[in-house]
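A.B. asks: All I have is the shape, not the residue letters:
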Ligand code: SAM
């Protein structure tokens, strides 16, 4: 008889067991034959089985070796990659250069922020993403200027994707139940970035630098980087704080950086 898997905290294992929630997530994803779906952290297969049924084929990336034998039994068309999603090259999965991946997962909460940054680095191979995350992280993804949840994660993801918060899920839908509420989010890459950025690396560095001191005025945060006149020439009041700047204003500031 198969040994019962004991959920591992270090792998962020909170397995979905509520059929209503599973059905709702899969309905929002709406997998279809011919689409290239990729699941991160399939675990014991709660989402994997219905996704495979919808798409006919599915790539999964799972770190925990002990879960791999259970996944093998789910049927043909399942391509299992025992790997760390944080280091995984998703572009490698593309079947043709035009192939775009639909990435989904009930993500391990302990790595969700670095994983989102890892994925936006590979955004050119992604059609869309549907993730279960901590509710707070979904709020950070969707937050706008002035909100206490607004920060680097939201600005950088919103530069790349339209963010749609789908629904909230309570702890009881998981085994073991997490200590926080969760939510499902849809991220759809923009066909064209919503703002013009000449040097993406400089823009990303600027956003990072600003949010390291989000409550200071721009005049102070940008000392030695941009002077007051540059900030004004970007159309921005130097007395504002990073937490009050829109994506367009970060882009405008980054345009003033020396080449
Ligand atoms: N999808 C399953 C479900 O909904 O029941 C499991 C979700 S559980 C929250 C997260 C899953 O991600 C676990 O199976 C865990 O082993 C896996 N995982 C954790 N860290 C990972 C990593 N770095 N790369 C790939 N999978 C990882």
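C.D. replies: Perfect, I can see it now. In this text, all values refer to a predicted model and were calculated from it rather than measured experimentally.
A.B. asks: Got the domain ranges for the protein?
C.D. replies: Here the domain parsing of the chain from automatic domain parsing is 9-189, 200-255.
A.B. asks: Redo these as JSON lines? Include mean neighbour count and mean pLDDT.
C.D. replies: Backbone N, C-alpha and C define where each C-beta goes, glycine included. Converted to JSON lines, the domains of the chain look like this (neighbours: other C-beta atoms under 10 Å; pLDDT from 0 to 100):
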{"stretch": "domain 9-189", "mean neighbour count": "18", "mean pLDDT": "97"}
{"stretch": "domain 200-255", "mean neighbour count": "17", "mean pLDDT": "95"}
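A.B. asks: Make a markdown table out of those domains and add distance to the ligand.
C.D. replies: Below are these laid out as a markdown table (distance: least, C-beta to the nearest ligand atom, whole Å):
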| stretch | distance to the ligand |
| --- | --- |
| domain 9-189 | 2 |
| domain 200-255 | 23 |
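A.B. asks: Enumerate every residue touching the spatially most central residue of the chain.
C.D. replies: Among the residues of the chain, the one closest to the centroid is residue 116, at 3.4 Å (C-alpha atoms, centre = their mean). If you count contacts by C-beta atoms under 8 Å, 6 or more residues apart in numbering, residue 116 has them with 141, 153, 157.
A.B. asks: what do you get for residue 222?
C.D. replies: Taking C-beta under 8 Å, 6+ apart, we find residue 222 in contact with 209, 210, 231, 238, 253.
A.B. asks: part of a helix, is the third one?
C.D. replies: Pointing back at residue 231 there. Yes - per DSSP: H, G, I helix; E, B strand; the rest coil, residue 231 lies within a helix segment.
A.B. asks: start the count at 9, not 1, going forward
C.D. replies: New numbering, starting at 9: the last item is residue 239.
A.B. asks: residue boundaries of the helices in this structure?
C.D. replies: 27-37, 56-63, 76-80, 120-128, 143-150, 160-168, 208-219, 226-229, 236-241, 255-263 (DSSP state H).
A.B. asks: No more questions from me, cheers.
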